[in-house]
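Please find the sequence and the predicted model below.
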Amino acid sequence: MYQVNRDLLDTGINLNALQQNIALEGWGKKLLDAQGKDGLWGRGYYSPKWVSTHYTILQMMRIGFPSDHMAPKVALMKYLNEKFSSDMGIDVSATSKKSDVCVTAMVLSMLCYFKIVDDRMSDMLTYFEKTRLYDGGWNCNHAGGDFHSSVHTTLSVLDALERARRFGIKSNVDVDDLINSGMTFMLNHKLYQSHRAGQPMQKQFTRFSFPPRWFFDVMKAMDQFQMHDVPQNENFDDSLKLICKSKEKVGNGRFKINMQEESTLRWKKPDKRVVGTPFEH
């Protein structure tokens, strides 16, 4: 109800009251009730998937959980204290001892969403500056030798950067430059297409799912670009056609979504959306 009223309806209803109710009923309450006495979920920070602290709080963010609630704040601070690495990212590996770009991005997004203020958040922006690849995006396996950016990782980093920009994290990093280069990489691929053949890089990119977690799909990418308030551009045409086609197949104004939990998607009608233009890199 909260996301539907926030994004689609103009009823004048008290949005704050609706958001606070998320912690008191439905999936919000179920997730909150699953928190352990140690303040964590799943007895771990990043694993076991998908019930760990990381993915539970990420899901809370996705469903619009109240950003002032103390339970996720306390858990996130424990997570940050335990997993923040000397390379200025988040290291959840038991073997590599190197931070993961995608994980770091998701953690920064959650920290910003739940309004946590910590100097290490500025360090994470430096980490993204250091790990940006030549094509303008990011890849979680950059340390393993991958030199081409991943749409999965780049989309997660874009979300973190935009939330950091809005939250006002103080940093010497040119966040706007990082955002522009990441969006340019995405637009050069029309969000999801191979630069060689013009076909979807992977079939699952054209299938919509919730919760998306760290995975890329076209719906999630379009939602990210509307978050940046990017104006209309032909690079979005194929994505919009794909989304509209999915809606037509299901009918009744609904989209075909692979769902594991009931929730709403933050999505505005395609004919009213404001979507992007290419940026200079």
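Here it is on my side, so go on. Numbering: from 1, shown residues only.

Quick one: low-confidence residue ranges for the stretch 51-200 of the chain.
For the stretch 51-200 of the chain, the stretches with pLDDT under 70 are 190-200.

Quick one: the helices in it, in order.
Secondary structure of the stretch 51-200 of the chain (DSSP state H, counting those that start in this stretch): helices at 53-62, 70-83, 101-113, 120-131, 151-167, 175-188.

most tightly surrounded among these?
The highest mean neighbour count among those, using mean count of other Cβ atoms under 10 Å, belongs to helix 101-113: a mean of 25. No exception for glycine: its C-beta is placed from N, CA and C like everyone else's.

Contacts for that one, please.
Contact partners of helix 101-113, identified using Cβ atoms under 8 Å, 6 or more residues apart in numbering, comprise 46, 54, 57-58, 61, 67, 72, 76, 79-80, 83, 89-90, 92, 118, 121, 124-125, 127-128, 131, 138-140, 142, 152-153, 156-157, 159-160, 163-164, 166-167, 169, 214.

before we move on, back to that, which of the helices of the stretch 51-200 of the chain sits closest to residue 5?
helix 53-62 (16.6 Å; Cβ to Cβ).

doesn't residue 28 make contact with residue 63?
Yes: if you go by Cβ atoms under 8 Å, residue 63 and residue 28 touch, sitting 6.2 Å apart.

Mutual contacts of these two, please.
With contacts taken as Cβ under 8 Å, 6+ apart, residue 63 and residue 28 have residue 22 as neighbours in common.

Identify the bridge partners of residue 209.
Counting by DSSP bridges, residue 209 is bridged to residue 258.

Quickly find the element holding residue 28.
Using DSSP states H and E, residue 28 sits within helix 26-33.

what's the angle between that helix and helix 53-62?
Put simply, helix 26-33 runs at 150 degrees to helix 53-62, going by axes from the mean of the first three to the mean of the last three Cα atoms, to 10 degrees.

Which positions within helix 26-33 qualify as buried?
For helix 26-33, the neighbour count (16 or more other Cβ atoms under 10 Å) marks 27-28, 31-32 as buried.

want to try CSV for these, with distance to residue 38 and pLDDT as columns?
Below are these laid out as CSV (distance: Cβ to Cβ, whole Å; pLDDT from 0 to 100):
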residue, distance to residue 38, pLDDT
27, 22, 94
28, 21, 96
31, 16, 96
32, 15, 97
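
Among the residues you listed, which one sits closest to residue 209?
For these, the nearest to residue 209 is residue 27 (15.9 Å; Cβ to Cβ).

The closest one contacts residue 62, doesn't it?
No: Residue 27 lies out of contact with residue 62 (Cβ under 8 Å); the separation is 10.0 Å.

Quick one: neighbours of the closest residue to residue 93 other than its chain neighbours, just the number.
Distances taken as Cβ to Cβ, 6 or more residues apart in numbering put residue 100 closest to residue 93, at 7.0 Å, once the chain neighbours are dropped. A count of nearby residues for residue 100, using other Cβ atoms under 10 Å, gives 23.

what about residue 87, distance to residue 14?
44 Å (Cβ to Cβ, to the nearest Å).

no wait, residue 69
For residue 69, the distance to residue 14 - Cβ to Cβ - is 18 Å.

And the two? Which one has more around it.
More neighbours surround residue 69 than the other of residue 69 and residue 14, with 17 against 10 (other Cβ under 10 Å).

Tell me who's in contact with the more buried one.
Contacts of residue 69 (Cβ under 8 Å, 6+ apart): 23, 32, 114.

can you list these in TSV and add distance to residue 234?
Converted to TSV, these look like this (distance: Cβ to Cβ, whole Å):
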residue	distance to residue 234
23	42
32	44
114	37
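
out of those residues, who's nearest residue 218?
Closest to residue 218 out of the contacts of residue 69 is residue 114 (27.6 Å), distances taken as Cβ to Cβ.

So what's the residue count around that closest one?
Residue 114: 23 surrounding residues under other Cβ under 10 Å.
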